[in-house]
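Participant: Could you look at this predicted model? Sequence included:
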Amino acid sequence: MSVSSYPQGFMAEEHPPSVDRVARSLADTGLPHPLLVEAARTAIAETPPGQVAERARQLAEITARSLLTGVINATGVLLHTNMGRAPWGTTTDLTRYTNLELNLEDGQRGSRQDRAPRLLAQACGAEAAMVVNNCASAVLLVLAALAENQPVAVSRGELVEIGGGFRIPEVMAQSGAQLIEVGTTNRTRLSDFSQAITKQKAVLALSVHQSNYRIEGFTEAVSVAELATLGVPVIADIGSGLLDAACPWLADGPPAWVANEPAARQTLATGADLVTFSGDKLLGGPQAGIIAGRADLVAACAAHPLARALRPGSLIFSALEDLALAYLARRGDDIPFWRMAALSTESLMARAQAINPDWVTETSAMPGGGTLPGVEIPSAGLVLPGDLSTGLRHNQPPIMGRVVNHTTVLDLRTVHPDDDQVLATALTNLVG
């Protein structure tokens with residue numbers, strides 16, 4: 001380092017410390033040595049020599065906090081996109097190889113689409129199903145496999161933009177299908193679809209659930225049952241992934257707030273040939289896209305070259321298999337999303353009282369994840385004066401709440417009961 005390259009005000013004889021020595025002093029952080037070397041080099045390059053050690057440790061801690069870690073979600077948003085939406089894992093021992101594409105009966109090669117997809121199809125009353133990376137992938141594959149270079153009719157009121165800025169028209173363009181817009185933003189009739197089929201030769205009717213917004217007032221829409229009378233396959237993108245409107249996996253039946261949400265079983269029963277939906281929303285599993293319905297149409301999707309590019313790996317299939325088995329066994333309590341959704345406000349109040357009766361408050365939770373906009377779920381939790389978000393976020397494990405009118409609100413509906421004591425300790429450390 002030249003004299004001119006030192007920070008202003010420091011003499012050349014104030015030599016910076018050794019990169020290796022600084023890196024080794026950070027070994028207690030548990031990070032791999034190359035990451036510690038990077039922190040040391042950055043600190044030496046941008047910090048006066050006397051402050052290098054402190055700065056290097058700050059950088060190492062920032063790196064450690066940036067890695068994936070468990071987070072306590074006290075926001076009351078059940079499907080929080082920033083925290084991975086539905087919490088779900090896998091019970092399969094994946095330290096061993098798996099029979100992902102192995103048929104154990106005859107020892108021959110099998111298909112990864114044979115297990116979890118078959119169980120999911122049974123759970124929603126479909127002839128067949130397959131799994132891809134996410135719901136946008138599912139729509140893309142269906143259109144590419146069934147309508148490449150051919151017209152597809154979609155209501156103008158359903159040309160939605162989904163998360164990350166992706167829009168249905170753009171997904172359709174990438175699939176090779178030709179978009180035929182029918183009706184208007186607020187009113188679309190069956191005759192609009194019929195004309196698109198007879199005059200513009202549309203080969204599919206696509207129904208897209210307006211999952212993250214609503215149109216109210218002077219409106220009209222075409223139901224899946226009506227579309228099924230047109231003589232072309234009906235593809236219903238129901239988005240959020242409610243498997244069955246009856247919620248047979250819940251002892252008390254469906255919560256009132258899902259009353260108007262389309263479900264896979266009922267959508268297929270009313271005439272849809274295929275449904276597509278997410279795995280990490282109301283289904284309550286990992287990120288995935290499910291295509292379910294007619295066996296011949298699912299087979300056409302599975303045979304398309306894009307199917308290989310969009311397929312998930314063994315972790316996702318294992319997690320979905322566990323999830324599907326829980327649904328078929330009607331074990332709703334084993335599905336974290338539905339366990340949280342079904343909690344009574346009284347039980348949440350009791351938990352809040354046990355943490356600190358002075359902080360108890362009624363709250364409103366929400367589904368989140370672009371699902372059921374405007375829906376509020378009565379809930380309970382804690383409220384404390386001031387903005388405690390920074391301190392809670394730096395807790396181990398990190399805790400995420402809401403700041404409302406200069407108070408910190410922690411909704412217990414999205415907090416596992418086992419974490420109540422963790423929450424109590426963190427709050428006590430912050431406020432006494």
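Facilitator: Yep, that arrived. Numbering: from 1, shown residues only.

Participant: tell me the domain ranges of this structure?
Facilitator: 16-66, 72-86+338-431, 116-333 (automatic domain parsing).

Participant: name the element the spatially closest residue to Gly231 that is not a sequence neighbour belongs to?
Facilitator: Spatial nearest neighbour of Gly231, excluding adjacent residues (CB to CB, 6 or more residues apart in numbering): Ile197 at 7.2 Å. No exception for glycine: its C-beta is placed from N, CA and C like everyone else's. Under the criterion of DSSP states H and E, Ile197 resides in helix 190-199.

Participant: what does that helix contact?
Facilitator: 151, 153, 155, 180, 182-183, 202, 205, 222, 226-227, 229-232 (CB atoms under 8 Å, 6 or more residues apart in numbering).

Participant: now whichever helix or strand comes after it: mean pLDDT?
Facilitator: Sequence-wise, the next helix or strand downstream of helix 190-199 (DSSP H and E) is strand 204-208. Averaged across strand 204-208, pLDDT comes to 95.

Participant: And stretch 46-66, by the same measure?
Facilitator: Averaged across stretch 46-66, the pLDDT comes to 94.

Participant: and the direction of the helix holding Ile197 versus that of strand 204-208, what angle?
Facilitator: Helix 190-199 and strand 204-208 meet at an angle of 150 degrees, taking axes from the mean of the first three to the mean of the last three CA atoms, to 10 degrees as the criterion.

Participant: What segments of the stretch 51-200 of the chain are helices?
Facilitator: Shown for the stretch 51-200 of the chain, the helices assigned by DSSP state H, counting those that start in this stretch span residues 52-66, 116-124, 135-147, 168-175, 190-199.

Participant: Just tell me which of the ones you listed ends up closest to Ala319.
Facilitator: Ala319 lies closest, by CB to CB, to one member of these: helix 116-124, at 8.3 Å.

Participant: now for the closest one, which elements pack on it?
Facilitator: Counting contacts by 3 or more CB pairs under 8 Å, 6 or more residues apart in numbering; DSSP states H and E, helix 116-124 packs against strand 128-132, helix 264-269, strand 289-293, helix 314-328.

Participant: What are the phi and psi values at the closest residue to Arg187 other than its chain neighbours?
Facilitator: Nearest residue to Arg187, sequence neighbours excluded (CB to CB, 6+ apart): Glu220, at 4.2 Å. When quoted as degrees, to the nearest 10, the phi and psi of Glu220 stand at phi -160, psi 140.

Participant: quick check: angle from the lowest-mean-pLDDT helix or strand in the chain to helix 135-147?
Facilitator: Least confident helix or strand of the chain, by mean pLDDT, DSSP states H and E, is helix 168-175 with a mean of 90. Here the directions of helix 168-175 and helix 135-147 differ by 50 degrees (the same axes, to 10 degrees).

Participant: Apart from its neighbours in sequence, what residue is nearest the residue most central in space within the chain?
Facilitator: With distances taken as CA atoms, centre = their mean, the residue of the chain nearest its centroid is Arg85 (3.7 Å). Counting by CB to CB, 6+ apart, Arg85 lies nearest to Asp280, which is 4.1 Å off, once chain neighbours are set aside.

Participant: Output the residue ranges of the strands in the stretch 301-432 of the chain, listed in chain order.
Facilitator: Applying DSSP state E, counting those that start in this stretch to the stretch 301-432 of the chain gives strands spanning 360-368, 377-385, 399-400, 402-404, 407-411.

Participant: ok now the shortest one, how far from the chain's centre?
Facilitator: Here strand 399-400 is found 18 Å from its chain centre; the criterion is CA atoms, centre = their mean, to the nearest Å.

Participant: what pLDDT, on average, does that strand get?
Facilitator: The model assigns strand 399-400 a mean pLDDT of 97.

Participant: From Ala123, how far out is the closest residue to Thr414 other than its chain neighbours?
Facilitator: Spatial nearest neighbour of Thr414, chain neighbours left out: Asn73 (4.5 Å); criterion: CB to CB, 6+ apart. Separation of Asn73 from Ala123 (CB to CB, to the nearest Å): 26 Å.

Participant: Then Thr414?
Facilitator: In terms of CB to CB, Thr414 sits 25 Å off from Ala123.

Participant: What of Ala329?
Facilitator: 10 Å.

Participant: what does Val139 give?
Facilitator: Distance from Val139 to Ala123, by CB to CB: 21 Å.

Participant: Check the spacing between Val171 and Val160 real quick.
Facilitator: 10 Å.

Participant: just Leu120 next, same as before
Facilitator: Applying CB to CB, the value for Leu120 to Val160 is 24 Å.

Participant: Kindly state the beta-bridge partners for Ala292.
Facilitator: With DSSP bridges applied, Ala292 shows beta-bridge pairing to Ala129, Val275.

Participant: Isn't it up against Ala121?
Facilitator: Yes: under the criterion of CB atoms under 8 Å, Ala292 makes contact with Ala121 at 5.5 Å.

Participant: So the two - more neighbours on which side?
Facilitator: Higher neighbour count among Ala292 and Ala121: Ala292, with 30 against 23, using other CB atoms under 10 Å.

Participant: Who are the contact partners of the more buried one?
Facilitator: Applying CB under 8 Å, 6+ apart, we find Ala292 in contact with 117, 120-121, 124, 126, 128-129, 264, 268, 274-277, 298.

Participant: picking up where we left off before, which one of Thr414 and Ala123 is surrounded by more residues?
Facilitator: More crowded of Thr414 and Ala123, by other CB under 10 Å: Thr414, with 29 against 23.

Participant: And the more buried one, how far from Thr345?
Facilitator: 14 Å.

Participant: will you turn the helices and strands packed on helix 116-124 into a markdown table that also has mean pLDDT and distance to Thr91?
Facilitator: As requested, these are exported to a markdown table (pLDDT from 0 to 100; distance: least, CB to CB, whole Å):
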| stretch | mean pLDDT | distance to Thr91 |
| --- | --- | --- |
| strand 128-132 | 98 | 18 |
| helix 264-269 | 98 | 24 |
| strand 289-293 | 98 | 20 |
| helix 314-328 | 95 | 6 |
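
Participant: hmm, back to that, now for the domains of the chain, which one comes closest to Leu104?
Facilitator: Nearest of the domains of the chain to Leu104, taken as CB to CB: domain 116-333 at 14.6 Å.

Participant: Please give the centre-to-centre distance between the closest one and its chain.
Facilitator: That offset, for domain 116-333, works out to 16 Å (CA atoms, centre = their mean).
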